[in-house]
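[1] I'd like to go over a predicted model; first the sequence, then the structure.
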There are 2 protein chains.
Amino acid sequence: MASLTSRATRNCDIATDPAQPACGQCALDKLCFPHGLPNFYQTLFPLALEKRTRLKRGEFLFHASDAQTGIYAVKAGFLMTCMSLPDGQSKIVGFHAAGDVLGLDSLGGEIHRTGAIALNSCEVCVIPLDKFEKLLEHPAESVHVRQLLAREIARVETHAAVGTLSAKQRVATFLLDMSERWEDRGYSKTEFVLFMSRLDIGNFLGLTFETVSRTLSYFQSKKWITVHGKNVLIQDLTALQSQLKRAA
Amino acid sequence: MASLTSRATRNCDIATDPAQPACGQCALDKLCFPHGLPNFYQTLFPLALEKRTRLKRGEFLFHASDAQTGIYAVKAGFLMTCMSLPDGQSKIVGFHAAGDVLGLDSLGGEIHRTGAIALNSCEVCVIPLDKFEKLLEHPAESVHVRQLLAREIARVETHAAVGTLSAKQRVATFLLDMSERWEDRGYSKTEFVLFMSRLDIGNFLGLTFETVSRTLSYFQSKKWITVHGKNVLIQDLTALQSQLKRAA
DNA sequence: CGGCCACTTGAGCGTACTCAAAACGCGTGG
DNA sequence: CCACGCGTTTTGAGTACGCTCAAGTGGCCG
């Protein structure tokens, strides 16, 4: 939370940049539109790319309780979404990389329930809400968006389950999740860079950053991983997975 | 979890009962269709009510990893949905009462990701998946379902946040959530019956049932609530709410 | 090089868990 | 109607895990 407030600067200049490649030429189209729906391309093509925005580390894509004005697709970089708790603290509810879609959780409502902050330099495609609504008149796109929503429920539901787990299980879950996401994007599943701080990981997992650090050190002492700052090398994936199978 | 397995009997006889009132006459229509979408009634009317099922305490409406064959609307009674964790344990992800819609979380996929168990005698409307898909061709219904999905994300996201909280905060959150849900349904927000066991509450909140019991006793000792078994009387709503505001 | 921030590691403490026993509620059968 | 038995709930005592507080290290940028 300290890290949230310290980099809580506001981004207001969502600018059009027509020089950038359109969705059809974008390397991420498989991620944004993973089910091969040609209609989606055709209709999204002229609509979605009206706006493209760049964010620097710490800038908000949108704040919680901002009016919801659009749907966002991450083109490059990393962001996290966070919600406010009754006690005034912020809780990180998700980390997002290229190909993820943000803002769907507020679809029915007037305002964003979560805020989205850039963790590094980001590029985000903006689909204005009215255009998005028009897009949804096409049945295939409507199905696609429902699938995205259902997958988001699955993701959050799975994350809610970490509340039951021990610290070792939580951190192991987190590493395996990161591993899988990097693999999905065509990178190594055993060697990657954590794009968030220990504080953010702790917030996300419901642990203190000291416990996250200690647990990572513990895994390293077991020779299951090697950590140097944000660089992670997984040496024994099976051992991490078996951590999930039994209590700490 | 012990309670899950002990009452894990299977219900196979989903029977049609045309004698029961249709959606338009059902007292729950406001809950199922809260946004006043007349189209929804008209199209759902002939489709949804083909099947109606009754469940007894402990029977499954559907199991996790069952093929997804339909969407379910709770007409009477209480259910809970639960997911399997890697360690083989079951985690309760939600409690559901009359008016709630179940099965939406698996929309994109082939199988149910969660199972649904009756906590008492239930009556559930079944909308077969193919009919549901047809229903979604109507834009208004499509919007409504997207809103239901977005609300489900909001609910689960909020629940995921309890992983951060202390035991007192978790139990207070739970009581206030129950209170609100009873109020939404037109009942007293200060006097109601918990329709699940302490074990289930603990599972849901990521606590042991002893801790749940102890915390309820603690609240009672503070004269904030009175508990007799499953009967709860909230005497100081404000005190419970202020529990959320600061650490235990 | 200095300063700052993120991270690591240590020591002591407190909350929630584990193990355990007893009371209670409820349905069944004598 | 009461006795019995089972499952649920309450309460207690001791333990362990993760938190708090604190000092020290490392890396990055001005």
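    Cool, the structure landed.
[2] thought residue A:53 was touching residue A:127, still the case?
    No: counting by CB atoms under 8 Å, residue A:127 sits too far from residue A:53 to count as a contact (11.6 Å). Backbone N, C-alpha and C define where each C-beta goes, glycine included.
[3] show the pLDDT at residue A:130.
    In the predicted model, residue A:130 carries a pLDDT score of 85.
[4] a strand runs through it, doesn't it?
    No: inclusion of residue A:130 in a strand is not indicated when DSSP: H, G, I helix; E, B strand; the rest coil is applied; the result is helix.
[5] contacting residues for the residue nearest to the spatial centre of chain A?
    By CA atoms, centre = their mean, chain A has its centre lying nearest to residue A:96, at 1.5 Å. Contacts of residue A:96 were listed using CB atoms under 8 Å, 6 or more residues apart in numbering or on different chains, and they are A:74, A:78, A:79, A:80, A:81, A:102, A:116.
[6] so what does it look like in phi/psi?
    Summarising the backbone geometry of residue A:96 under the convention degrees, to the nearest 10, its torsions are phi -130, psi 140.
[7] residue A:55 now?
    According to degrees, to the nearest 10, residue A:55 has phi -130, psi 150.
[8] residues in contact with it?
    Taking CB under 8 Å, 6+ apart as the criterion, residue A:55 is in contact with A:11, A:61, A:77, A:79, A:118, A:121, A:122, A:123, A:124.
[9] quick one: which of these is nearest DNA strand D?
    Checking the contacts of residue A:55 against DNA strand D by CB to the nearest atom of the strand gives residue A:121 as the nearest, at 12.0 Å.
[10] across the sheet, point out what pairs with the residue nearest to the centre of chain A.
    For residue A:96, the beta-bridge assignment (DSSP bridges) gives partners residue A:79.
[11] pLDDT wise, what is it at?
    pLDDT, the model's per-residue confidence, is 95 for residue A:96.
[12] if I look at it, how far off is residue B:126?
    Separation of residue A:96 from residue B:126 (CB to CB, to the nearest Å) stands at 36 Å.
[13] do residue A:109 as well
    29 Å.
[14] higher neighbour count, those two?
    Regarding residue A:109 and residue B:126, a neighbour count based on other CB atoms under 10 Å in any protein chain shown identifies residue B:126 as having more, with 22 against 14.
[15] which of the helices or strands spans that one?
    Under the criterion of DSSP states H and E, residue B:126 resides in strand B:122-128.
[16] same question, residue A:187
    Element membership for residue A:187, per DSSP H and E: none, as it lies in no helix or strand.
[17] that one - how many residues pack around it?
    By other CB under 10 Å, the residues close to residue A:187 number 13.
[18] same check on the one 4 residues further on?
    Residues contacting residue A:191 under the criterion other CB under 10 Å number 14.
[19] beta partners of it?
    Under the criterion DSSP bridges, residue A:191 forms beta bridges with residue A:233.
[20] can you map out the strands along chain A?
    In chain A, strands defined by DSSP state E lie at A:51-55, A:60-62, A:70-76, A:79-84, A:90-96, A:101-102, A:115-118, A:122-128, A:191-193, A:225-228, A:231-234, listed in chain order.
[21] what is the second one packed up against?
    So that's strand A:60-62. strand A:115-118 (3 or more CB pairs under 8 Å, 6 or more residues apart in numbering or on different chains; DSSP states H and E).
[22] what average pLDDT does the strand it packs on get?
    Mean per-residue pLDDT for strand A:115-118: 95.
[23] ok, residues contacting it?
    Defining contact as CB under 8 Å, 6+ apart, one finds that strand A:115-118 is touched by A:4, A:7-8, A:55-64, A:66, A:72, A:77-83, A:90, A:96, A:102-103.
[24] using CSV, write out the CA atom coordinates for stretch A:78-85.
    Listed in CSV are the C-alpha atoms of stretch A:78-85, where the atom choice follows Å, rounded to 0.1, in the frame of the first residue of the first chain:
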residue,chain,number,x,y,z
PHE,A,78,2.6,-4.9,-16.9
LEU,A,79,-0.2,-3.5,-14.8
MET,A,80,-2.0,-4.5,-11.6
THR,A,81,-5.5,-3.9,-10.5
CYS,A,82,-6.4,-3.1,-6.9
MET,A,83,-9.5,-2.5,-4.9
SER,A,84,-10.0,-0.5,-1.7
LEU,A,85,-10.9,-2.2,1.5
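[25] per-residue confidence averaged over that stretch?
    94.
[26] who are the contact partners of the residue in chain A positioned nearest to chain B?
    Using CB to the nearest CB, the point where chain A gets nearest to chain B is residue A:163, with a distance of 2.8 Å. Under the criterion of CB under 8 Å, 6+ apart, the contact list for residue A:163 reads A:206, B:160, B:162, B:163, B:164, B:205, B:206.
[27] identify the residue nearest residue A:227 in space, chain neighbours excluded?
    Ranked by CB to CB, 6 or more residues apart in numbering or on different chains and with sequence neighbours excluded, the top spatial neighbour of residue A:227 is residue A:216, at 5.1 Å.
[28] verify the stated contact: residue A:129 with residue A:67.
    No: under the criterion of CB under 8 Å, residue A:129 makes no contact with residue A:67, lying 9.4 Å away.
[29] more crowded one of these two?
    In this view residue A:129 and residue A:67 are compared by other CB under 10 Å, and residue A:129 has more residues nearby, 16 against 12.
[30] how close does the more buried one get to residue A:200?
    For residue A:129, the distance to residue A:200 equals 29 Å [CB to CB].
[31] for residue A:165, grab the count of nearby residues.
    24.
[32] in the sheet, which residues pair with residue A:125? Tell me.
    residue A:52, residue A:73.
[33] ok, and does the lengthiest helix in chain A reach over to chain B?
    Scanning chain A for the helix with the most residues, using DSSP state H, yields helix A:139-160. Yes: using CB under 8 Å from any CB of the partner chain, we find that helix A:139-160 touches chain B at A:139, A:142-143, A:145-154, A:156-160.
[34] flag the shaky bits of chain A, pLDDT-wise.
    A:1-50, A:246-248 (pLDDT under 70).
[35] can you list the residues of it near DNA strand C?
    Applying CB under 7 Å from any atom of the strand, we find that chain A lies next to DNA strand C at A:3, A:6, A:197-199, A:209-210, A:212-214, A:216-217, A:227, A:229-230, A:247.
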